[in-house]
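Asks: below: sequence and its predicted model.
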Amino acid sequence: MKRTVIKIDESLCNGCGLCVNGCHEGALQLINGKAVMISDLYCDGLGACIGECPVGAIDFEEREAEPYNETLVMERLVPKGEQVILAHLKHLKDHHQTDFVNEAIDYMKTNNININLYSIMKSEENHSHQGGGCPGSRAMSFDRPQNTTYSPQNIESELQQWPVQLHLLSPQAPYLSNADLLLAADCTAFAMGDFHGKFLRGRKLAIACPKLDTNKEVYIDKLVAMIDNSKINTLTVMIMEVPCCGGLLQIAQTALQKASRKIPLKLIVVSLQGEVINEEWV
């Protein structure tokens, strides 16, 4: 069958092993100092390993592959103990893989494996929204006069549009036309005291988390549409210094490779203390 799995660029892989630890299903192993996917059967295609790679050696690809087998994965995980099983189930639940979660639970029931699943399986309260869907995803454009000065005594928001989460952002939104786009990891604005005045001013904003967000291939398609159709001028990627944040740059670079237009790409890396430790065109 044709499905999405991960691929590893061995020329980039530095053998750190972070992706191996990030893959709950055991699809990856370090062999001769390089990460290797040992079987398609164990790769769920959800990309938890991508966020762990600090050098951008892992990406998605769609190809002929054996179907993922949750039962075989559980057979591998059960001997590793309860905490590994719970981490695997949480990974599936966070990615809304209900069928695989149910298959794993059925496997445990059949094999008399008793694990407290409350922390993983408790349902979240459902909220309904009236009047045409969630108001948080309604597109709006803010007409703000551009500030000419910035000081701690005169702090004003530089946000010019809504929504900002990349899953909610429409590539066809008129405010993206010929815009300079800032693609920021979720944590950056909280880490930086001068995020609005120094980095958001004059730019449109999209935020994303390369580690926790699902369906990141959709992010690539959206960025390609923004580059080719909305004709954004520049793309600035702002990430935290932690390794899992590097996946956001990889998403942007993949989109640029697929896009027919070529635009400048800038990388800004922010320390955990909110200081810019690297800023360069890439």
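Replies: Yep, it's here. Only a predicted model underlies this, so the values are computations on that prediction, with no experimental measurement involved.

Asks: which secondary element of this structure has the worst mean pLDDT?
Replies: Lowest on mean pLDDT, DSSP states H and E among the helices and strands of the chain sits helix 118-121, with a mean of 57.

Asks: any regions of the stretch 101-250 of the chain where pLDDT drops low?
Replies: 118-154 (pLDDT under 70).

Asks: which residues in it form strands?
Replies: Using DSSP state E, counting those that start in this stretch, the strands of the stretch 101-250 of the chain run over 140-141, 161-162, 180-185, 204-208, 234-240.

Asks: could you save these as a markdown table and add columns showing distance to Asn102?
Replies: (C-beta placed from N, C-alpha, C; glycine too.) Formatted as a markdown table, those follow (distance: least, CB to CB, whole Å):
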| stretch | distance to Asn102 |
| --- | --- |
| strand 140-141 | 39 |
| strand 161-162 | 37 |
| strand 180-185 | 33 |
| strand 204-208 | 29 |
| strand 234-240 | 35 |
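
Asks: closest to Tyr68 out of these?
Replies: Of all these, strand 204-208 sits nearest to Tyr68, with 24.8 Å by CB to CB.

Asks: quick test: name the residue nearest the centre of the protein.
Replies: Pro210 (2.3 Å; CA atoms, centre = their mean).

Asks: quick one, phi psi at the nearest residue to Asn215 once chain neighbours are set aside?
Replies: Among residues not flanking Asn215 along the chain, His167 sits closest, at 7.5 Å (CB to CB, 6 or more residues apart in numbering). Dihedral angles of His167 (phi, psi; degrees, to the nearest 10) stand at phi -60, psi -30.

Asks: could you measure from His167 over to Val101?
Replies: 22 Å (CB to CB, to the nearest Å).

Asks: then Gly247?
Replies: 24 Å.

Asks: tell me which of these two has more neighbours.
Replies: Gly247 (28 against 21; other CB atoms under 10 Å).

Asks: contacting residues for the closest residue to that one other than its chain neighbours?
Replies: In space, Gly247 comes closest to Pro210 once its chain neighbours are excluded; the distance is 3.1 Å by CB to CB, 6+ apart. By CB atoms under 8 Å, 6 or more residues apart in numbering, the contact set of Pro210 is 50-51, 185, 216, 239, 244-248, 250-251.
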